[in-house]
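**Student:** below are the sequence and a predicted model; questions follow.
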Amino acid sequence: MTQPWDYIAKIVSLGDSGCGKSSLTVRLCEGRFSPHHDVTIGVEFGSRIVPVGPPASLDLNINNPSSKSPAPTPASKQAKDQPQKHMKLSLWDTAGQETYKSITRSYFRGASGALLVFDITRKNTFLSATSWLNDLRQIAEEGIVCVLVGNKSDLAPSSTVSSDDANSANNRQVTKEEAEEWCRANGVMQYVETSAKSGDGVERAFLEVAERIYQNIEAGKYDLNDRRSGVKGPGAGGGNQARLNLGMNDAARGKKGQQGWGGGCC
């Protein structure tokens, strides 16, 4: 039977506790939201198969260099006609509590992509992003694809900080402009706002990471036979999934299905 994916990539989510990292993964993998979650202890695992490259990337206008072209080019028309490729995202949701930091940081190794998550209604979680990014870059492979994610946009419908009282419907404490400036200053390529509750922006955040990993594959930046790269090619089916250096429990949990969620969340 033909496998439903062309590549596997290890993605980690990191950030302070309570930012909704697990809720984002559950929303992506299962399409649901629960208002009550247990705190993640250590690391939890989920997976999802997503389209990468054209024609899907052109339709979604993700990481598309020709997006500003006034009219479709012959190259873009040809790209739309090519077979769609897919990537299986092995998603590792890490605990944000300081107690588990020594454990969770070890899971940064062998990751090809990362979602650095903060809560846009809590400024301190945004201020912590720099420390998390430094930890990631010290441990992960050089050139890891990282996207900054401002979660809980349903609590902050405006892009500006609310000047009303504490009971205002807009609880935003971090503006899009602040987050985008932080990305420029820290060499993070993209900022995406999400709501795990409504689902807004969630798939987009993960696709931004997946698409850039795919672009790196096409550019030959990964050795698909080296598990440290965090990416595997077509020959990595079945039990070989554990060779991605995803973690000691991945092989067992991966048998639950090609899409889904294993363990608790926060």
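**Tutor:** That came through fine. These numbers come from a predicted model, not from an experiment.

**Student:** poorly predicted segments of the stretch 51-200 of the chain, please.
**Tutor:** Counting by pLDDT under 70, the stretch 51-200 of the chain shows low-confidence ranges at 64-79, 96-104, 158-169.

**Student:** how about the helices of it, start to end?
**Tutor:** 56-60, 74-80, 101-104, 123-127, 129-139, 176-186 (DSSP state H, counting those that start in this stretch).

**Student:** could you save those helices as a markdown table and add columns showing distance to Met87 and mean neighbour count?
**Tutor:** Just so you know, the C-beta spots here come from the backbone N, C-alpha and C atoms, and that holds for glycine as well. Shown next, in a markdown table, are these (distance: least, Cβ to Cβ, whole Å; neighbours: other Cβ atoms under 10 Å):
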| stretch | distance to Met87 | mean neighbour count |
| --- | --- | --- |
| helix 56-60 | 11 | 16 |
| helix 74-80 | 17 | 12 |
| helix 101-104 | 24 | 14 |
| helix 123-127 | 29 | 17 |
| helix 129-139 | 21 | 16 |
| helix 176-186 | 23 | 15 |
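
**Student:** Gly143: how many residues sit nearby?
**Tutor:** 12 (other Cβ atoms under 10 Å).

**Student:** pLDDT score assigned to Ser34?
**Tutor:** Looking at Ser34, its pLDDT reads 75.

**Student:** would you mind measuring from it to Lys197?
**Tutor:** Separation of Ser34 from Lys197 (Cβ to Cβ, to the nearest Å): 10 Å.

**Student:** who's more crowded, those two?
**Tutor:** Lys197 (18 against 13).

**Student:** that one touches Phe33, doesn't it?
**Tutor:** Yes. In this structure Lys197 lies within contact range of Phe33 using Cβ atoms under 8 Å: 5.1 Å.

**Student:** so what sits against both of the two?
**Tutor:** Counting by Cβ atoms under 8 Å, 6 or more residues apart in numbering, the contacts common to Lys197 and Phe33 are Ser23.

**Student:** just the strands in the stretch 151-266 of the chain please.
**Tutor:** For the stretch 151-266 of the chain, strands defined by DSSP state E, counting those that start in this stretch occupy the ranges 190-193, 231-232, 260-262.

**Student:** can you point out the buried residues in the longest one?
**Tutor:** Right, the one you point to is strand 190-193. Gln190, Tyr191, Val192, Glu193 (16 or more other Cβ atoms under 10 Å).

**Student:** just curious, which of the residues you listed is nearest to Glu141?
**Tutor:** Gln190 (18.9 Å; Cβ to Cβ).

**Student:** okay, and the beta partners of the closest one?
**Tutor:** Val147 (DSSP bridges).

**Student:** isn't it up against Val145?
**Tutor:** No. Contact criterion Cβ under 8 Å: Gln190 and Val145 do not qualify, at 9.1 Å.

**Student:** and of the helices of the stretch 51-200 of the chain, who's closest to Gly110?
**Tutor:** Between the helices of the stretch 51-200 of the chain, helix 129-139 lies closest to Gly110; by Cβ to Cβ that is 9.8 Å.

**Student:** tell me which other helices or strands that closest one touches.
**Tutor:** strand 7-14, strand 113-119, strand 145-151, helix 176-186 (3 or more Cβ pairs under 8 Å, 6 or more residues apart in numbering; DSSP states H and E).
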